[in-house]
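>>> Requesting a structural model of the entry that follows:
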Amino acid sequence: MKVTLTLSVLLILFLLSSPGVADDSYKVVFETMDCNGNTGFATVGPDEIYKVGEGDCSHPQNPGQKLKQLLIHDGNGSYKVYTLSQEEARNVMLDVKEYMRARKGVLERSESVIISH
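Numbers count the residues shown, from 1 in each chain. Next up is the predicted model:
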């Protein structure tokens with residue numbers, strides 16, 4: 001019994017100290033689009049997003065509208081770039097704002113502590 005309890009405690013401590021386990025699991029999912037109109041999906045953490053800027057080309061189905069670029073911290077001092085429609089860029093920004101409001105609400109309503117790495 002004592003050995004089982006000790007092993008269980010050690011396993012829990014190992015899992016909690018492992019990278020990725022205590023990380024924030026919330027992700028922003030969005031549709032990407034390139035200059036040719038090809039689409040896909042990407043997923044990033046809200047804290048990884050650096051900024052949304054103007055893209056290099058126009059929306060293939062709406063030439064009067066430029067695509068947007070979403071810059072994501074890659075962890076090595078540079079950025080990963082995703083191209084999105086203007087509507088999808090707005091949706092990403094709204095999603096991040098809602099997430100940050102919810103996170104702020106948790107802090108204001110409780111004695112919780114959020115630990116980020």
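>>> what's the weakest-modelled helix or strand in the chain?
Least confident helix or strand, the chain: helix 2-17 with a mean of 50, by mean pLDDT, DSSP states H and E.
>>> helix or strand right after that one?
strand 28-33 (DSSP states H and E).
>>> Report the buried residues of that following strand.
Buried residues in strand 28-33, counting neighbours by 16 or more other CB atoms under 10 Å, are found at 28, 30, 32, 33. Where you see a C-beta, it was placed from the backbone N, CA and C, and this is true even at glycine.
>>> what's in contact with the helix or strand just after it?
Remark: after strand 28-33, the chain's next helix or strand is strand 39-44, criterion DSSP H and E. With contact meaning CB atoms under 8 Å, 6 or more residues apart in numbering, strand 39-44 is reached by 27, 28, 29, 30, 31, 32, 33, 72, 82.
>>> right, and the pair among these with maximum separation?
Maximum pairwise distance among those (CB to CB): 19.2 Å, between 27 and 33.
>>> could you point out where the chain is predicted with low confidence?
With pLDDT under 70 as the threshold, the chain has low-confidence stretches at 1-24, 112-114, 117.
>>> Centroid-nearest residue for it?
Centrality entry for the chain: nearest residue to the mean C-alpha point is residue 45, 1.7 Å, by CA atoms, centre = their mean.
>>> how near is that one to residue 58?
Distance, residue 45 to residue 58, using CB to CB, to the nearest Å: 29 Å.
>>> Can you read off the backbone torsions of the residue nearest to the centre of the chain?
Backbone geometry at residue 45, expressed as degrees, to the nearest 10, gives phi -80, psi 140.
>>> Which helix runs longest in the chain?
The longest helix of the chain (DSSP state H) is helix 86-109.
>>> any idea of the angle that one forms with strand 39-44?
Angle, helix 86-109 to strand 39-44, by axes from the mean of the first three to the mean of the last three CA atoms, to 10 degrees: 20 degrees.
>>> in helix 86-109, what's buried?
Result for helix 86-109 [16+ other CB under 10 Å]: buried residues 86, 88, 89, 91, 92, 93, 95, 96, 99.
>>> any idea what sits nearest the fourth one, other than its immediate chain neighbours?
Translated: residue 91. Among residues not flanking residue 91 along the chain, residue 30 sits closest, at 6.7 Å (CB to CB, 6 or more residues apart in numbering).
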